[in-house]
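>>> I'll drop the sequence and a predicted model, then ask my questions.
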Amino acid sequence: MSIKTENTKERCPWCLGFEDYIKYHDEEWGVPVNNDKTHFEFLILEGAQAGLSWSTILKKREGYRKAFANFDYKKVARFTEDDIQQLMQDTNIVRNQLKIRSAVTNAQKFMEVQKGFGSFNAYIWSFVGNKPIQNEWVSMKEVPATSPESDALSKDLKKRGFKFVGSTIMYAHMQACGLVNDHFVNCYRYLPVKALSK
C-alpha cells in the first residue's frame with residue numbers, strides 16, 4: 001500500500017526516508033528516459049548501489065556527478081589508472097575499486113552499443129518492445145526483484161562486456177528510467193507516469 005504524507009499525497013512507501021528521496025520519487029522515478037546521458041548516469045548509480053541502499057547512493061549523487069565528469073561517458077571512457085586511483089580517495093562516492101573500474105569499462109562498452117544500435121536508448125528500449133511495461137502493484141511484496149526482460153537485458157549486457165549489470169540491478173534501472181511503471185496503483189504518480197507511455 002502507498003502512504004499518505006503531510007501534504008496528503010499518497011506515495012510509494014519506499015521513498016519516505018528523507019526529502020531528496022521524496023523529490024526523486026515525485027519527479028524522476030518511473031518517468032520514461034529517452035536520452036543516452038541519463039541512461040549512463042543510472043548505469044553508474046545502479047551499479048554503485050549493488051549491496052547498498054538506493055538512499056545511500058542518492059545522497060552521494062552529486063559526488064558521483066563531479067567524480068564522473070557530469071556523467072559524460074566519452075570522458076569517463078578515457079579515465080586513466082591515475083584517475084581511478086584518485087577516485088579511490090574520493091569520500092563523496094562509494095570507494096569500491098571494482099565498481100569504479102566497472103564505470104570506466106561500461107562507458108567504453110556503452111559507446112560500442114551506440115555504434116551498433118544508433119543509441120543506447122534504442123538498444124535498451126528494445127527489451128520492452130519500445131513501450132513501458134505498466135504494472136499494477138498494491139504492496140511491496142508484489143514487486144519483483146527481476147523480470148524476464150531484465151534477465152534478457154542483463155544477459156546481453158554481460159555478453160557485451162558490461163560489469164555490475166546483474167538482473168536485479170538492471171530491473172532497478174528499468175524502474176528508474178521508466179521502462180516499467182512500478183509506482184503503486186494508489187500512488188499519486190501512477191497515472192501521470194502511465195500517461196507518459198510512448
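Looks like it arrived, so ask away. Bear in mind the structure is a predicted one, so any value in this text is a computation, not a measurement.

>>> pretty sure S167 contacts D156?
No. Using Cβ atoms under 8 Å, S167 makes no contact with D156, being 11.1 Å away. Quick note: C-beta positions are derived from backbone N, CA and C, even for glycine.

>>> out of these two, which sits in the busier spot?
Just comparing S167 and D156: by other Cβ atoms under 10 Å the higher neighbour count belongs to S167, 21 against 17.

>>> Could you measure from the more buried one over to A152?
9 Å (Cβ to Cβ, to the nearest Å).

>>> mind checking the end-to-end distance for stretch 71-85?
In stretch 71-85, first residue to last residue: 18 Å (Cα to Cα, to the nearest Å).

>>> What lies in contact with it?
Stretch 71-85 is touched from outside by 36-38, 40-41, 44, 64-65, 68-69, 87, 97, 100-101, 103-104, 107-108, 110-111, with contacts defined as Cβ atoms under 8 Å, 6 or more residues apart in numbering.

>>> Let's see that with 10 Å instead.
36-45, 64-65, 67-70, 86-87, 97, 100-101, 103-112, 114, 120 (Cβ atoms under 10 Å, 6 or more residues apart in numbering).

>>> Please, a ChimeraX command that selects the buried ones among the residues you listed?
In ChimeraX syntax, the buried subset of the contacts of stretch 71-85 is picked out as below (16 or more other Cβ atoms under 10 Å):
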select :36,38,39,40,41,42,43,44,45,64,65,67,68,69,87,100,101,103,104,105,106,107,108,109,110,111,114,120
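
>>> Go through the contacts of stretch 71-85 and flag which are in helices.
Among these, DSSP state H puts 36-45, 64-65, 67, 86-87, 97, 100-101, 103-112, 114, 120 in helices.

>>> and stretch 130-146, what's its mean pLDDT?
What stretch 130-146 shows for mean pLDDT is 96.

>>> Give me the mean pLDDT for stretch 82-102.
According to the model, stretch 82-102 has a mean pLDDT of 97.

>>> er, stretch 48-64 actually
94.

>>> Ok, stretch 105-114 next?
Stretch 105-114 comes out at a mean pLDDT of 98.

>>> ok, and what's touching that stretch?
Contacts for stretch 105-114 (Cβ under 10 Å, 6+ apart): 36, 39-40, 43-44, 47, 68-69, 71-79, 102-103, 119-124, 156-157, 160-165.

>>> Kindly report the same for stretch 188-198.
Outside stretch 188-198, the residues touching it (Cβ under 10 Å, 6+ apart) are 2, 4-5, 7-12, 15, 25-27, 29-32, 34, 125, 128-137, 178, 181-185, 187.

>>> Buried ones from those, can you make that a PyMOL selection?
Of the contacts of stretch 188-198, the buried ones go into a single PyMOL selection, burial set by 16+ other Cβ under 10 Å:
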select buried, resi 2+10+11+12+15+25+29+30+31+125+128+132+135+137+178+181+182+183+184+187
